[in-house]
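Chemist: take a look and give me a structure for this.
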Amino acid sequence: MKSSRRHHAWAALWLAATLALPAAAQNMGWSTITPSITGTDTLGLVLREQMQQRAPVAAQGGAAGPSGAGEQASAALRFAPSKARRQQNLAAFVEKTRRVDPENASGLERLFASEDVIEKVAPMIRPIGLRIDDLADTYALWWISAWNATQGINPTPSRATASAVRQQAARALMATPGIAGASDAAKQEFAEALLVQVMFIDAAVDHHQGSASQLRALARAVQQGAGRMGLDLAAMRLTEAGFVPSR
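Modeler: Residues are numbered from 1 along each chain as shown. Next up, the predicted model:
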C-alpha cells in the first residue's frame with residue numbers, strides 16, 4: 001500500500017529479490033497461510049456474519065462498531081514478537097513455497113536473509129494507525145490489500161478506513177474460538193504470514209499496472225485465495241466505515 005515514493009521501497013525491494021514474484025503471487029502462496037490457532041474458513045464465516053450485522057450502520061456512515069471494541073481486543077490480540085520466532089516463521093514459509101515453486105523459494109530465502117522484512121513494514125503502516133504486533137491490525141491490512149487487488153488498485157487507505165476494518169477484524173478474531181487465548185508464538189505466526197502475503201499482493205499489483213490481462217489474472221488468484229480463507233471479496237465493498245456487503 002503506497003501513497004508516496006517512500007512506500008515504493010517495499011515493492012522495489014521485494015521485486016529486486018524475487019523477479020518472478022508476480023507470477024508466484026498468482027500461482028502459489030495462498031495455501032501457505034495455515035495458522036495453527038484456527039481454521040481460517042471459520043474466521044471468514046464470523047467476518048461475513050459480523051459484516052452483515054453491521055452493514056446498516058456502516059452504510060449510513062456510522063461507526064463500524066462500538067468504540068471500545070478495538071480497545072478491548074488490543075490486549076488480547078497483541079503479542080510480543082520474537083526475532084527467533086520470526087526467523088523460524090520465515091524459514092517455514094520458504095519451505096512451504098519450495099514445495100510448489102523452488103525458484104521463487106530461493107528468491108524469498110535471499111530476501112529474508114538480507115534484512116528483517118517484517119520490521120520494515122512497521123513504519124509503512126504506522127501512519128494509518130496499524131501495527132505489526134497486533135493480529136487485528138495485520139488481518140485488516142491483509143483484508144484491505146486483498147480486496148484492492150481484486151479491483152486492480154493499490155492505494156493507501158485512510159486512517160479512518162483502516163481503523164474501521166481493524167475494528168471489524170478485531171470483533172471477528174475475538175469471536176473465533178482459540179484466537180484470543182492463543183500463545184504469542186501462534187499469534188505471531190498468523191500475523192507474519194499475513195504480512196508476507198500483503199507483500200506478495202502489493203508487489204504484484206504494482207508490477208502489473210498497465211497490463212489489464214495480468215491484473216485480471218491476479219485478481220482471480222487473490223479472489224480464490226481469499227475464498228480458501230472463507231472470504232468472498234466480490235460480495236463486499238470497502239468504505240470509510242469498513243467493509244459492507246456489495247449486494
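
Chemist: quick check: which ranges of this structure have low pLDDT?
Modeler: Residue ranges of the chain with pLDDT under 70: 1-42, 44-45, 48, 50-73.

Chemist: so which residue is smack in the middle of it?
Modeler: W142 (1.5 Å; CA atoms, centre = their mean).

Chemist: residues in contact with that residue?
Modeler: Counting by CB atoms under 8 Å, 6 or more residues apart in numbering, W142 makes contact with 194-195, 197-198, 201. C-beta: built from backbone N, CA, C; applies to glycine.

Chemist: how does it look with 7 Å?
Modeler: Residues counted as contacts of W142 (CB atoms under 7 Å, 6 or more residues apart in numbering) are 194, 197-198.

Chemist: does it count as helix, strand or coil?
Modeler: helix (DSSP: H, G, I helix; E, B strand; the rest coil).

Chemist: buried residues in the longest helix along the chain?
Modeler: For the chain, the longest helix by residue count, based on DSSP state H, is helix 184-207. For helix 184-207, a neighbour-count test (16 or more other CB atoms under 10 Å) marks 185-207 as buried.

Chemist: could I get it in CSV with only the CA atoms?
Modeler: Output of helix 184-207 as CSV, limited to C-alpha atoms (Å, rounded to 0.1, in the frame of the first residue of the first chain):
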residue,chain,number,x,y,z
ASP,A,184,2.3,-15.2,21.4
ALA,A,185,4.1,-17.7,19.1
ALA,A,186,0.8,-18.7,17.4
LYS,A,187,-0.4,-15.1,17.0
GLN,A,188,3.0,-14.1,15.6
GLU,A,189,2.9,-17.0,13.1
PHE,A,190,-0.5,-15.9,11.8
ALA,A,191,0.4,-12.1,11.7
GLU,A,192,3.6,-12.6,9.9
ALA,A,193,2.1,-14.9,7.3
LEU,A,194,-0.5,-12.2,6.6
LEU,A,195,2.2,-9.6,6.3
VAL,A,196,4.2,-11.7,3.8
GLN,A,197,1.0,-12.1,1.8
VAL,A,198,0.5,-8.4,1.7
MET,A,199,4.0,-8.0,0.3
PHE,A,200,3.1,-10.6,-2.4
ILE,A,201,-0.2,-8.8,-3.2
ASP,A,202,1.1,-5.2,-3.3
ALA,A,203,4.2,-6.0,-5.3
ALA,A,204,2.3,-8.0,-7.9
VAL,A,205,-0.4,-5.3,-8.3
ASP,A,206,2.3,-2.7,-8.8
HIS,A,207,4.2,-4.8,-11.2
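
Chemist: and after it, which helix or strand comes next?
Modeler: Next along the chain after helix 184-207, taking DSSP states H and E as the criterion, comes helix 212-228.

Chemist: give me the distance from that following helix to the chain's centre.
Modeler: 15 Å (CA atoms, centre = their mean, to the nearest Å).

Chemist: what packs against that helix?
Modeler: Helix 212-228 sits against helix 21-27, helix 135-150, helix 184-207, with contacts defined as 3 or more CB pairs under 7 Å, 6 or more residues apart in numbering; DSSP states H and E.

Chemist: show me where the chain has strands.
Modeler: In the chain, the strands defined using DSSP state E lie at 236-239, 242-245.

Chemist: helices and strands around the first one, which ones?
Modeler: Same thing as strand 236-239. Counting by 3+ CB pairs under 7 Å, 6+ apart, strand 236-239 packs on helix 135-150, strand 242-245.

Chemist: and that strand, which residues are buried?
Modeler: Buried residues in strand 236-239 (16+ other CB under 10 Å): 236, 238-239.

Chemist: again with the last one
Modeler: The neighbour-count criterion (16+ other CB under 10 Å) identifies 242-244 as the buried residues of strand 242-245.
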